[in-house]
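Novice: when you get a sec, could you give me coordinates for this:
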Amino acid sequence: MRSYHRNRFLASALAALTAVSALAGCSRADSSVAPAANQGAAGEVRLGFFPNVTHAPALIGVKKDFFKNELGSTKLTTQTFNAGPEEVNALLGGSLDVAFIGSGPAINAFTKSKGAIQLISGAVSGGAQLVVKPDIAGVDQLKGKNIATPQLANTQDVALKKFLADKKLTDQVKITNLENPKTLDAFKKGEVDGGWLPEPWASRLVIDAGAKVLVDEKTLWPGGRFPSTVVIVRSEFLQQHPDTVRALLKGELAAIDWAKAHPEDAKTVVNGALKELAGSTLNPAVLDRAFSGIELTTDPVAAEFPQLAQDSVTAGVVKSAVALKGFADFGPLNEVLKTQNLPAVEAPELTK
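Specialist: Prediction:
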C-alpha cells in the first residue's frame with residue numbers, strides 16, 4: 001500500500017515538473033522572439049556620471065531635484081565614475097541604466113555591445129585642454145615628455161592619441177593614465193609634464209599648479225563645438241521604460257535651462273556637488289575658468305560622430321571605424337524638445 005502511494009506521489013511530482021519545464025520553455029521562446037515591450041515607468045533608474053564640471057547637467061539635475069521632480073514615483077539611484085570605460089562596464093554589466101559619458105566611450109559602448117547601448121542626448125560641448133609645464137613652448141617640445149589622460153581609451157585619451165598621430169609624435173610621447181586628482185598631484189611633483197584633461201582639471205592645473213594651455217580642443221573642431229559629454233542608455237531599458245527615459249531627459253533640459261538663467265547659482269550648486277562627491281571644492285577662479293570653456297546643451301553635435309569614430313581608429317583603440325547607423329535614438333529627446341517649442345535633433349546618419 002505504501003508503495004502504491006509512493007508511486008502515485010512520484011508520478012504527480014514528475015507531471016508537475018514537466019508542466020513547469022514546458023511553461024519555462026515557452027517563456028524563453030517568447031522572450032527570444034519578442035523584443036522588450038513598454039512596461040511603463042520603471043520602479044528604479046540607475047544613473048551614472050562623473051564628478052566633473054563637464055557633467056554639470058547631471059550634477060545640477062541631481063542636486064536641484066530636476067530629475068526627481070520629473071521621475072515621480074520612480075526611484076533615482078546614482079553612481080559616480082572617474083572615466084568612461086569603467087562606466088561602460090557598469091552599463092554592459094547591467095548595474096547601470098543611463099549614463100552621462102564622453103563621446104568616445106559612448107561609441108565604444110555601442111560597438112562593444114553590438115547595439116545594446118544607444119545615444120539619446122547631448123549634455124556638454126567643449127571643456128577639454130592639453131595643459132603643460134610653462135617651459136614647453138610648442139607641440140614639437142612634447143617629444144620625450146610624459147602626458148596624462150584620465151583613463152585608457154577615454155575621450156581625452158583618444159583625443160590626445162589622435163592629436164599626436166596627426167603630429168607624427170605617437171612613439172615620442174609617453175602617455176600615463178591617471179585618475180584626475182592624481183594627475184594634479186603628479187604634475188605638482190614633476191612626475192608628469194602635463195595632461196589632456198576635462199574641466200575642472202585643466203583649470204586646476206593652470207590655476208593651482210602653474211600649467212599653461214598648449215592646445216584647447218575647441219580649436220580642433222568646426223565652430224569650436226564637440227560633444228565632450230553625452231547621455232546614453234541601455235537599449236533594453238529604453239524599450240521597456242520610455243516614459244522614464246523621457247522624464248530623465250526632461251529633467252536634464254530643466255537643469256540646463258536653469259543653469260543658463262542662473263549662471264552664478266549653477267556654479268555654486270556644482271561646487272557643492274563636487275565637495276560632496278570628490279571631497280573638495282574649487283576656488284572661484286578655477287570654477288569661473290572651467291565654466292567659461294563649456295556649453296551646456298542637449299544638442300549632441302551629431303555631425304562630429306563619424307569623425308570621432310575614425311579618431312578611435314587613429315588612436316589605436318579599435319581596428320576599424322564602426323558603422324554608426326542605429327547608434328542614436330533621439331525620439332524621446334525630440335518629444336521633450338517639442339513640448340518646449342525647441343527644434344528637433346536631426347541625425348539620419350546615426351538613427352535607424
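
Novice: for stretch 199-210, buried residues please.
Specialist: Residues 199, 200, 201, 202, 203, 204, 205, 206, 207, 208 are the ones in stretch 199-210 that count as buried (16 or more other Cβ atoms under 10 Å). C-beta coordinates here come from the backbone N, C-alpha and C atoms, glycine included.

Novice: looking at those residues, which are in helices?
Specialist: Residues of the buried residues of stretch 199-210 located in helices (DSSP state H): 201, 202, 203, 204, 205, 206, 207, 208.

Novice: contacting residues for the residue nearest the centre of the chain?
Specialist: In the chain, the C-alpha nearest the mean C-alpha coordinate belongs to residue 101, at 0.9 Å (Cα atoms, centre = their mean). Taking Cβ atoms under 8 Å, 6 or more residues apart in numbering, we find residue 101 in contact with 48, 84, 87, 88, 109, 229, 230, 231, 232.

Novice: quick one, what contacts residue 199?
Specialist: Going by Cβ under 8 Å, 6+ apart, residue 199 touches 52, 53, 54, 127, 128, 290, 291, 293, 294.

Novice: phi first, then psi, for it.
Specialist: Backbone dihedrals for residue 199, given as degrees, to the nearest 10, come out at phi -80, psi 140.

Novice: so how far is residue 281 from the residue nearest to the residue nearest to the centre of the chain when sequence neighbours are not counted?
Specialist: The shortest distance from residue 101 to any non-neighbouring residue, by Cβ to Cβ, 6 or more residues apart in numbering, is to residue 84 (5.0 Å). Distance check for residue 84 against residue 281: by Cβ to Cβ, to the nearest Å, it reads 25 Å.

Novice: neighbour count winner among the two?
Specialist: Using other Cβ atoms under 10 Å, the more surrounded residue of residue 84 and residue 281 is residue 84, with 31 against 16.

Novice: how about the helices in the chain?
Specialist: 2-33, 56-63, 66-71, 84-92, 103-113, 155-166, 180-188, 201-209, 235-240, 242-261, 263-278, 284-292, 305-314, 331-339.

Novice: report the distance from the third one to the chain centre.
Specialist: Relative to its chain's centre, helix 66-71 lies at 20 Å (Cα atoms, centre = their mean, to the nearest Å).

Novice: count the neighbours of residue 91 for me.
Specialist: When neighbours are defined as other Cβ under 10 Å, residue 91 has 26 of them.

Novice: please name the nearest non-neighbouring residue to residue 210.
Specialist: residue 134 (6.5 Å).

Novice: tell me who's in contact with the one you found.
Specialist: Counting by Cβ under 8 Å, 6+ apart, residue 134 has contacts 210, 211, 212.

Novice: can you give me the pLDDT of it?
Specialist: Here the pLDDT value assigned to residue 134 is 98.

Novice: so, low pLDDT: which residues of the stretch 101-250 of the chain?
Specialist: Applying pLDDT under 70 to the stretch 101-250 of the chain flags no residue at all.

Novice: about what we covered before: from what I can see the residue nearest to residue 101 touches residue 106, true?
Specialist: Yes - Residue 84 lies in contact with residue 106 (Cβ atoms under 8 Å); the separation is 7.4 Å.

Novice: hey, what's in contact with both of those two?
Specialist: Between them, residue 84 and residue 106 share no contacting residue, judged by Cβ under 8 Å, 6+ apart.

Novice: on that earlier part again, show me which of the contacts of residue 101 is closest to residue 195.
Specialist: residue 84 (16.0 Å; Cβ to Cβ).

Novice: my read: residue 234 touches residue 93, true?
Specialist: No - using Cβ under 8 Å as the test, residue 234 is too far from residue 93 to be in contact (10.4 Å).

Novice: ok now do the closest residue to residue 274 other than its chain neighbours, which residues does it touch?
Specialist: With sequence-adjacent residues excluded and distances taken as Cβ to Cβ, 6+ apart, residue 274 is closest to residue 51, at 5.6 Å. By Cβ under 8 Å, 6+ apart, residue 51 lies in contact with 59, 80, 273, 274, 277, 278.
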